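# have a look; sequence and predicted model below, questions after that.
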Amino acid sequence: MEKPRKSVRRKGQAATIADVAALAKVSPMTVSRVVNGQGKVRDTTRDRVMRAVRELDYTPNLAASSLAAAQHTRIALIYTNPSGAYLRELLVGLLRVASRTAIQLVIDYWDDPSAESERKAARAMARKVDGVILPPPLCDSRVAVNEFTRAGVPVVSIASDRFSEDISCVRIDDFRAGKELAEHLIEQGHTRIGFIRGRPDQNASARRYDGFQAALHDAGIDIDLSLVQQGDYTYRSGLKAAEKLLANRNPPSAIFASNDDMAAAVISVAHRRGLDVPRDLSVVGFDDTSAATTVWPELTTIHQPIASMANAAIEVLLRGIRRKDQSTRVLVDHVVPHRLVERDSVAGPPRRR
């Protein structure tokens with residue numbers, strides 16, 4: 001990993017947009033355009049700004065004034081079959097905001113994944129709330145998004161690429177994060193790396209895999225499709241995928257699981273097979289939920305600030321709901337900084353040692 005440059009900020013001070021602008025050598029307005037996903041910015045400039053954002057651990061306050069004006073606003077969080085650890089982090093962020101404002105938080109569980117059921121549930125919910133937050137996997141439901149936007153209800157998706165021009169997004173750069181995590185394994189000497197994909201109907205899952213492939217390509221490592229297994233972000237799917245990967249005639253020396261639940265399952269299978277992690281097998285996860293630190297050894301993973309993303313999602317919604325001019329809709333693609341968290345689940349491959 002590239003060592004971050006030292007910041008000129010005094011210790012203990014929170015980074016400001018001016019600090020980011022100075023480090024990236026751009027104007028504060030350009031930083032604002034990048035973090036809010038508004039306006040046209042060159043890719044090279046965007047990359048430079050996001051590097052500065054990550055380096056300074058900058059978290060923008062998207063709508064502090066809107067938070068103060070949130071009285072009598074009903075916002076719905078709708079979820080269906082997410083990771084339990086992911087959902088807990090999400091609720092922490094939402095309840096933190098709700099506790100300091102007059103937001104009425106409506107939490108609804110959709111247990112029927114069929115398109116018709118989602119359509120009916122969205123129509124019913126649209127009559128009751130002022131805004132909607134859709135976390136995975138509903139963040140990628142075109143049916144739900146279309147129903148809410150048709151009813152004029154603002155929607156913010158969490159952890160999804162922007163697949164619709166009618167909604168705002170709060171997310172990390174899953175491609176870059178997946179690439180960085182794969183590069184970390186390659187730097188340790190691994191060339192035979194297994195990959196467990198997330199749900200096939202989620203954009204974030206595809207982007208993480210794309211980043212993994214890009215890292216291997218850049219390192220001149222051929223992708224072995226026998227080392228790629230499909231999961232669905234559940235612990236059980238991780239068990240099945242890990243069994244298949246480790247039963248390979250030439251098994252991987254490291255496994256990249258697309259979330260922490262599946263990575264925890266990989267460690268369980270490794271232990272059951274008598275393998276030591278990380279001496280015999282390195283394992284990495286993604287999200288940095290509680291699952292990453294409740295297994296042994298603790299997981300190297302990508303920290304996705306889920307609670308902060310939920311907080312930002314409410315701020316984005318409030319900004320749109322409280323706009324005086326409702327004739328135009330301002331949509332936001334807010335990319336939150338992620339970071340690689342190194343713990344004890346990664347070492348060099350056995351043959352290298």
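Received the coordinates, thanks. Model, not experiment: these values are computed from the prediction. Numbers count the residues shown, from 1 in each chain.

# residues contacting the closest residue to Ile78 other than its chain neighbours?
Of all residues not flanking Ile78 in the chain, Asp108 sits nearest, at 4.9 Å (CB to CB, 6 or more residues apart in numbering). (Glycine included, C-beta is placed from N, CA and C.) Residues in contact with Asp108 (CB atoms under 8 Å, 6 or more residues apart in numbering) are 76-79, 121, 125.

# and Asp108, what element?
For Asp108, the host element (DSSP states H and E) is strand 104-109.

# go on, Gly152?
Per DSSP H and E, there is no helix or strand for Gly152.

# is it true that Val332 touches Ser168?
Yes. Val332 lies in contact with Ser168 (CB atoms under 8 Å); the separation is 4.3 Å.

# overlap in contacts, these two.
156, 316.

# can you tell me how far Pro154 is from Ser226?
45 Å (CB to CB, to the nearest Å).

# report how many residues lie close to the nearest residue to Asn250 once chain neighbours are set aside.
Leaving aside its sequence neighbours, Asn250 sits nearest to Arg192 (CB to CB, 6+ apart; 7.1 Å). Look at Arg192: counted by other CB atoms under 10 Å, it has 14 neighbours.

# Arg192 and Ile255 touch, don't they?
No. Using CB under 8 Å, Arg192 is not in contact with Ile255, being 10.2 Å away.

# flag the shaky bits of the stretch 51-200 of the chain, pLDDT-wise.
59-72, 82, 100-102, 162-164 (pLDDT under 70).

# ok, which stretches of it are strands?
Per DSSP state E, counting those that start in this stretch, the stretch 51-200 of the chain carries strands over the ranges 74-79, 104-109, 131-134, 155-158, 168-171, 193-197.

# let me have those in a markdown table, extended by distance to Lys40.
Converted to a markdown table, these look like this (distance: least, CB to CB, whole Å):
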| stretch | distance to Lys40 |
| --- | --- |
| strand 74-79 | 31 |
| strand 104-109 | 36 |
| strand 131-134 | 27 |
| strand 155-158 | 22 |
| strand 168-171 | 18 |
| strand 193-197 | 33 |
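
# for Ser27, find the nearest of those strands.
strand 168-171 (23.6 Å; CB to CB).

# pairing partners for the closest one, with directions?
Sheet partners assigned to strand 168-171 using DSSP bridges are listed as strand 155-158 (parallel), strand 333-335 (parallel).

# all set now, cheers.
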